[in-house]
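Student: I'll drop the sequence and a predicted model, then ask my questions.
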Amino acid sequence: MMSNAKIRVGIIGTGGWARYGHIPTLQALDDFEIVALAGRNKEKVDQYAAQFGIAQAYGTPEGLLSNPDIDLVVVLAPTPEHGRLAKAVIEAGKDVYSEWPLSTSTLESESILSLAREKGVRHVVGLQRRFSPSSRYWHDLIKQGVVGKIRAVRMSVGVDAFGEVMPEFAKWALDAANFTEVLSIYGGHFHDMLFHGVGFPQKLTAVTENQFPVTTLAETGEKIPYTSPNEVMVIGTLSGGGLFSVQLEGGQKHRTGLQIDITGTEGVLRITNPRGFENKDDNTIAIMRNGTEVFEELPVPAEYAFLPVSHLDASTQDVAYLYTAYARDKATGSDEATTFEDAVRQHQLIDQITESSARFFS
C-alpha cells in the first residue's frame with residue numbers, strides 16, 4: 001500500500017467496461033475505495049451501487065464532481081463524452097482518469113492536456129496494455145538486450161469487433177465523428193504497448209481500407225453506411241533503426257488475436273494471445289536464441305504479478321497495474337502511469353496513419 005489513506009474514487013459511466021473492468025479492479029486494490037457512481041440512467045446507477053456496495057449514486061456527473069470526498073474521478077462514458085467530462089473533472093480540481101480515447105480529436109486532446117497542466121491535477125489515460133505482467137517483462141527483456149539490436153518488429157491484431165453486423169446498443173459508434181473504430185480503439189491500445197517496448201516510429205507509410213461499407217444492426221436488420229476503416233496496415237522505421245509492420249483487422253469471423261515477432265541480432269521474441277480483448281489469460285512469451293531453431297516459452301517471473309488480482313481476467317488485471325502505477329506516482333512523484341501526454345502522442349500517430357493512407361490513394 002502506498003500510504004495509510006485510501007484514494008477515494010468516483011466513477012462516471014456504468015457500461016460493461018465499468019462492471020467488467022474498473023469496479024472489480026478497484027475493489028481488489030487496497031489503495032483505493034469507490035465512494036460514488038454517476039451515470040445518465042439513474043436506475044442503472046442505483047443497481048450498480050447496490051450490487052457492488054458503493055455508498056453514493058448520482059444521476060448526473062455534476063453531483064459527483066461537487067463531492068469534496070472524492071480524490072480521483074474515472075471517466076467511463078462513451079467516447080464522445082470523454083473530452084467534455086475530462087475537462088469538467090479538471091475544472092473541479094480533481095485527479096482524472098479518462099478511458100482511451102481522451103477525446104474525438106487531436107486538437108481537443110491537446111487542449112485538455114494544456115488545461116490539466118494549467119490546473120495542476122494528475123491525469124491518467126486508460127492505455128493499460130503496457131502494464132500487464134507479460135508486457136512489463138518483455139519490455140525489460142528488450143532493455144536487457146536479450147534479442148540484441150532490433151532489426152524488425154511485426155505485429156498483427158485481429159478482432160471480431162467493427163464487422164458487418166453490430167449490436168444496436170453500439171449504433172453510436174458507426175458515426176466516424178465519434179472516433180470509435182479499429183484504428184482508434186485497438187490501434188491506440190496496441191500501438192502504445194508495442195512502441196513503449198521497441199521505440200516509437202520515426203517514419204511510416206500506411207494504408208487503411210473499409211471492407212464493410214454497410215453495417216447491419218443485429219436486432220433490427222437496419223443497414224447503416226459505415227466509413228471508418230476496418231483494415232489497417234502500417235510499415236515504417238523505429239527510432240532505433242529497425243523496421244516495423246502492423247496489421248489491424250476488425251470484423252474477423254475467425255479471430256486471430258495478437259501476434260508479435262521482435263527479431264534482433266541475438267534472437268527473436270514472440271508474444272501471442274488468442275484474443276485481442278477480454279483476455280482470460282495474459283500474453284504468452286517465447287524466445288528463440290542464437291544457436292537454437294525452435295521457440296522456447298518464457299514464463300513471466302512471479303515478481304511481475306505482484307498484485308492480488310489473479311482471480312480477474314487478464315484484461316482487467318492490466319487496469320489494476322495501471323491504477324497501482326498512478327497510486328505510486330501520487331505517493332512518490334514517479335511518472336510510470338500513462339498520462340494525457342501519451343494520449344496526445346497516440347492521437348498524433350493515428351493522424352499520421354490516416355494522412356499517409358489519404359496520400360497513398362490520392
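Tutor: Right, received. Where do you want to start?
Student: Skipping adjacent residues, who's closest to Lys171 in space?
Tutor: Closest residue to Lys171 apart from its sequence neighbours, by Cβ to Cβ, 6 or more residues apart in numbering: Leu217 at 6.3 Å. Where you see a C-beta, it was placed from the backbone N, CA and C, and this is true even at glycine.
Student: got the phi/psi numbers for that neighbour?
Tutor: Note on Leu217: backbone dihedrals following degrees, to the nearest 10 are phi -80, psi 130.
Student: Who are the contact partners of it?
Tutor: By Cβ atoms under 8 Å, 6 or more residues apart in numbering, the residues touching Leu217 are Val165, Met166, Pro167, Glu168, Lys171, Lys223, Ile224.
Student: what number of residues lie near the fourth one?
Tutor: If I follow you right, that is Glu168. Using other Cβ atoms under 10 Å, the number of residues around Glu168 comes to 10.
Student: What about Gly120, how many residues nearby?
Tutor: A total of 8 residues lie near Gly120 under the criterion other Cβ under 10 Å.
Student: residue ranges with poor pLDDT in the stretch 251-362 of the chain?
Tutor: Scanning the stretch 251-362 of the chain for pLDDT under 70 picks out 362.
Student: would you list every one of the helices in it?
Tutor: Applying DSSP state H, counting those that start in this stretch to the stretch 251-362 of the chain gives helices spanning 314-332, 340-361.
Student: Return the set of buried residues in the longest one.
Tutor: Which is helix 340-361. For helix 340-361, burial by neighbour count (16 or more other Cβ atoms under 10 Å) applies to 340, 342-347, 349-350, 352-353, 356-357.
Student: any idea how far Thr106 lies from His189?
Tutor: From Thr106 across to His189, the span is 17 Å (Cβ to Cβ, to the nearest Å).
Student: which residues does the residue positioned nearest the centre of the chain contact?
Tutor: A centroid search over the chain (Cα atoms, centre = their mean) returns Leu127, at 3.3 Å, as the residue closest to the centre. Counting by Cβ under 8 Å, 6+ apart, Leu127 touches Trp100, Gly188, His189, Asp192, Met193, Thr338, Asp342, Ala343, Gln346.
Student: what do you get if the cut-off is 10 Å, keeping everything else the same?
Tutor: Counting by Cβ atoms under 10 Å, 6 or more residues apart in numbering, Leu127 makes contact with 99-102, 188-193, 196, 318, 322, 337-339, 342-343, 345-346.
Student: for it, phi and psi?
Tutor: Dihedral angles (degrees, to the nearest 10) for Leu127: phi -100, psi 80.
Student: any idea how far Phe212 is from it?
Tutor: In terms of Cβ to Cβ, Leu127 sits 27 Å off from Phe212.
Student: same thing with Thr237?
Tutor: As judged by Cβ to Cβ, Thr237 and Phe212 stand 31 Å apart.
Student: And these two? Which one has more around it.
Tutor: Using other Cβ under 10 Å as the criterion, Thr237 and Phe212 rank with Phe212 on top: 17 against 14.
Student: now the more buried one, nearest residue through space, not along the chain?
Tutor: Computed as Cβ to Cβ, 6+ apart, the closest residue to Phe212 that is not its neighbour in sequence is Glu164, at 4.7 Å.
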